[in-house]
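K.L.:
pasting the sequence and the predicted model now:
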Amino acid sequence: SVFNLNSKQTGVIFMANDISGTIVALMIANYCSARKVRWIGVGMLVVFLSAVIPSSTTLFAEYPQPYNDTELDGAVLAVVAENSSNTDIGSLPDVQRKTISRGLCNETRHNLGGDVAVGKSSGSFEEEYALNNHKYYFMFVLGSVLQGIGNAFPRVAGATYMDEIFTQKQFGIAISFLYVVTFFGYPAAMITGGYFLQYYVTLNPPPGVTTASKEWVGAWWMGMFFPSILVFIFSFLVLLFPRQMPAASKVLQEKVKRGITTAQEKRTELNRSLGEITRDMFPALKRLIKNQALNCLIVGDIFLFISVGAYSYYPKLYAKIFRLDYKSVGRVMGIANIIGFGTGLVGSGLLMRLKQWDPKDLQLVYAIISALAIPFTMGSLHYCPTDTHAGVEVSYEQVLGASYNATSLPTLIGECNKGCGCTTAFYTPVCDGNITYFSPCHAGCSEVVMDENNTLIGYDYCTCTVSGTALPGVCGTTCPTTLWTSLAITTTGTIVGFAGFAAHAYIYQRVVSEVDRTLAQGVRSSVTRALGTLPAPIIFGWVIDKFCTVWRVSENGTQGNCWLYDIDSLMWWFIMLRVAMRTLSASCYFICWWIYPESNKKGEEADEMGDKDATKDEEERKLTQNND
């Protein structure tokens, strides 16, 4: 809301990451094969830039005025509350006049005198900063584009580089460790990002603004900028790596011995010209397209990544359905994800060590694991009871017992507040009984009530509330038991789902021939990002916006972010869409197991028995043929 972005615009930012990553991934797989480690270092430098550019908006952006609902200007408001009819608002300084104007019924304030006209948008001065900040939207898009490009280098070239320096058994362990490090980055980012939000965005908060203030904007940029410094430093260390590690020759000898490749083929791969790489790409792509098992895996991953794309909206949804601030959301989701990802990946490694799996059987195990994880997705349907907003879920007439003869259809502007000039420019909820009102203005409140310490207690002379008064904030409270129950269910699903992650990575290494592995990784990355992770934020962003009940609308009619949602309908369709995608994904994995050709088991016996046992079996086979 600081930059006045709606869910679709946020989705475009995520989409820009995937578009750039999709394009670059396929290029890396073909044209960077001979200089993998160098391009990984370059990619890290690009990631550094992708964090610096959005973070730099802090130097130019505008932030809310120093206003606090719980710590108002006591001296001025005490006068208004005590003898409002004798108060000349026009004689007050600008900041104090705006403080009084904000949120109260404009009709009454206009009658008090001064230059505040009826219909003046309550809260319009606070929305100015968000409208001005909207022009920095392109900087977030540019940062996302660079992030997609930078991440594509280690994602594709990194796995290929590891395949050249680890034996087949070592590669399984190494790739598991890579996923552990990668996925621990997400919850670590949530925790550190939530921690930095306790500091003001400019590191110098205005007087009177605290973390409890609605005007508080946390230092969101720290979670991007400081880790990027480490990326910048390590990028130069990676650039110092040799073109081939010493272990590469040993790995090559093993592959040559097993007939996977030849020394000449490897030299050709490392020394191909740009034209040769281009000519060799199309025959290889043709082989991959004809590989039905690979195609089923990729289609399954597309549906899986669409479902996973919903995670980008979970912090926003958890803040709504559990009434948490974003700092608390980052902390609880970070802890839950660390437990889920960590335990699942450890279990994934243990699964691989149970026995020497052949790829077809391992694919069946992974398909079963994917199916078992589906029911746990519905754990997010267990959330706090939703708030009832007057003028949204119920009409003012229903709240007041049909005191007016107007229509009973819920609308924010009713008979009780139609002369107040209320807008949806700023959301400052107040409560009366169990009914929440969008703002003091929408509750028809004309005066404030303060204690002896000049601290706001509530609002008085409210024409839309039953009691005639209102208290700051929403009526609902947090529900920690429900929160932790929901997190326990979803975290269990994360553990189950990630228990097959290493197996899935291993299957991708076996489903194609040795020479096509790098290109297969590039094709997989490009296709799944183009058709999975790229449209996912747009799809789920559309679902979220579809159930918006109150939009932010400025004085000039510009629509901004959404304030209120039909939570029950939103969560149902949101989760059911995820369940549908996970079901289609698991179905594709079962189909892959069914059509997985037996010929893809080639070389697995050598993995199971070791070089000596493999040589012994070959000698026995030749002896038997001679006897026949």
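P.N.:
Nice, thanks for sending it over. Since the structure is predicted, the reported quantities are computational estimates derived from the model, not experimental observations.
K.L.:
what's the distance between residue 459 and residue 444?
P.N.:
For residue 459, the distance to residue 444 equals 9 Å [C-beta to C-beta, to the nearest Å]. C-beta coordinates here come from the backbone N, C-alpha and C atoms, glycine included.
K.L.:
for the stretch 201-350 of the chain, what spans make up the helices?
P.N.:
Under the criterion DSSP state H, counting those that start in this stretch, the stretch 201-350 of the chain contains helices at 222-239, 247-257, 263-270, 274-290, 292-308, 314-321, 326-353.
K.L.:
comparing those helices, which gets the lowest mean pLDDT score?
P.N.:
Of all the helices of the stretch 201-350 of the chain, helix 263-270 carries the lowest average pLDDT, namely a mean of 65.
K.L.:
residue 563 contacts residue 442, doesn't it?
P.N.:
No: counting by C-beta atoms under 8 Å, residue 563 does not reach residue 442; the two are 11.5 Å apart.
K.L.:
more neighbours, the two?
P.N.:
residue 442 (31 against 20; other C-beta atoms under 10 Å).
K.L.:
sorry, back to before: with respect to residue 491, which of the helices of the stretch 201-350 of the chain lies nearest?
P.N.:
For the helices of the stretch 201-350 of the chain, the distance to residue 491 is smallest for helix 326-353, at 4.4 Å, taking C-beta to C-beta.
K.L.:
quick one: buried residues of that closest one?
P.N.:
326-334, 336-349, 351-352 (16 or more other C-beta atoms under 10 Å).
K.L.:
cool, stretch 457-466 as well?
P.N.:
By 16+ other C-beta under 10 Å, the buried positions in stretch 457-466 come out as 458, 459, 460, 461, 462, 463, 464, 465.
K.L.:
what's next to it, contact-wise?
P.N.:
81, 104-105, 108, 390, 396, 399-401, 414, 416-417, 430, 432-433, 435, 437, 440, 442-451, 468-472 (C-beta atoms under 8 Å, 6 or more residues apart in numbering).
K.L.:
please work out the average pLDDT along that stretch.
P.N.:
On average, stretch 457-466 scores 89.
K.L.:
quick check: end-to-end length of that stretch?
P.N.:
Distance across stretch 457-466, first residue to last, is 18 Å (C-alpha to C-alpha, to the nearest Å).
K.L.:
ditto for stretch 423-438
P.N.:
Start-to-end, stretch 423-438 (C-alpha to C-alpha) is 10 Å.
K.L.:
report the buried residues of that stretch.
P.N.:
423-432, 435-438.
K.L.:
secondary structure class for the nearest residue to residue 475 once chain neighbours are set aside?
P.N.:
Once flanking residues are discounted, residue 475 sits nearest to residue 431: 4.0 Å by C-beta to C-beta, 6 or more residues apart in numbering. Here residue 431 is recorded as strand under DSSP: H, G, I helix; E, B strand; the rest coil.
K.L.:
so residue 431 bridges to which residues?
P.N.:
As for beta bridges, residue 431 partners with residue 436, residue 471 under DSSP bridges.
K.L.:
rewinding a little: looking at the helices of the stretch 201-350 of the chain, which one is packed in the most?
P.N.:
Highest mean neighbour count of the helices of the stretch 201-350 of the chain: helix 292-308, a mean of 22 (counted as mean count of other C-beta atoms under 10 Å).
K.L.:
circling back: out of the buried residues of stretch 457-466, who's nearest residue 530?
P.N.:
residue 464 (50.5 Å).
K.L.:
could you look up the SS state of the closest one?
P.N.:
coil.
K.L.:
phi and psi next, for it.
P.N.:
phi -110, psi 0 (degrees, to the nearest 10).
K.L.:
burial measure for residue 422, as a count.
P.N.:
Other residues near residue 422 come to 28 when the count uses other C-beta under 10 Å.
K.L.:
make sure it is indeed in a strand.
P.N.:
No: under three-state DSSP, residue 422 sits outside any strand and is assigned coil.
K.L.:
nearest spatial neighbour of it, skipping sequence neighbours?
P.N.:
Of all residues not flanking residue 422 in the chain, residue 441 sits nearest, at 4.0 Å (C-beta to C-beta, 6+ apart).
K.L.:
and the one you found, how many residues sit next to it?
P.N.:
Quick note: residue 441 (other C-beta under 10 Å) scores 32 neighbours.
K.L.:
for it, phi and psi?
P.N.:
phi -60, psi -50.
K.L.:
now the one 10 residues further on
P.N.:
Reported as degrees, to the nearest 10, the phi and psi values for residue 451 are phi -90, psi -170.
K.L.:
so what's residue 444 closest to, chain neighbours aside?
P.N.:
Counting by C-beta to C-beta, 6+ apart, the residue nearest residue 444 is residue 463, at 3.3 Å.
K.L.:
returning to what we had before: could you export the buried residues of stretch 457-466 as TSV, including distance to residue 51?
P.N.:
Shown next, in TSV, are those (distance: C-beta to C-beta, whole Å):
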residue	distance to residue 51
458	44
459	43
460	49
461	50
462	47
463	50
464	47
465	47
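K.L.:
which among the contacts of stretch 457-466 count as buried?
P.N.:
By neighbour count, with 16+ other C-beta under 10 Å, those hold 81, 104-105, 108, 390, 396, 399-400, 414, 416-417, 430, 432, 435, 437, 440, 442-450, 469-472 as buried.
K.L.:
which ones among the residues you listed lie within strands?
P.N.:
Members of the buried ones among the contacts of stretch 457-466 lying in strands (criterion: DSSP state E): 430, 432, 435, 437, 447, 448, 449, 450, 471, 472.
K.L.:
identify the farthest-apart pair in those residues.
P.N.:
435 and 450 (23.1 Å).
K.L.:
would you mind measuring the gap between the ends of stretch 491-511?
P.N.:
Terminal residues of stretch 491-511 are spaced 30 Å apart (C-alpha to C-alpha).
K.L.:
how about it: buried residues?
P.N.:
491-511.
K.L.:
next: stretch 156-164.
P.N.:
Going by neighbour count (16+ other C-beta under 10 Å), the buried part of stretch 156-164 is 156, 157, 158, 159, 160, 161, 162, 163, 164.
K.L.:
as a markdown table, these with secondary structure and distance to residue 528 would be great.
P.N.:
Output for the buried residues of stretch 156-164, formatted as a markdown table (DSSP: H, G, I helix; E, B strand; the rest coil; distance: C-beta to C-beta, whole Å):
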| residue | secondary structure | distance to residue 528 |
| --- | --- | --- |
| 156 | helix | 12 |
| 157 | helix | 17 |
| 158 | helix | 17 |
| 159 | helix | 14 |
| 160 | helix | 17 |
| 161 | helix | 21 |
| 162 | helix | 20 |
| 163 | helix | 19 |
| 164 | helix | 24 |
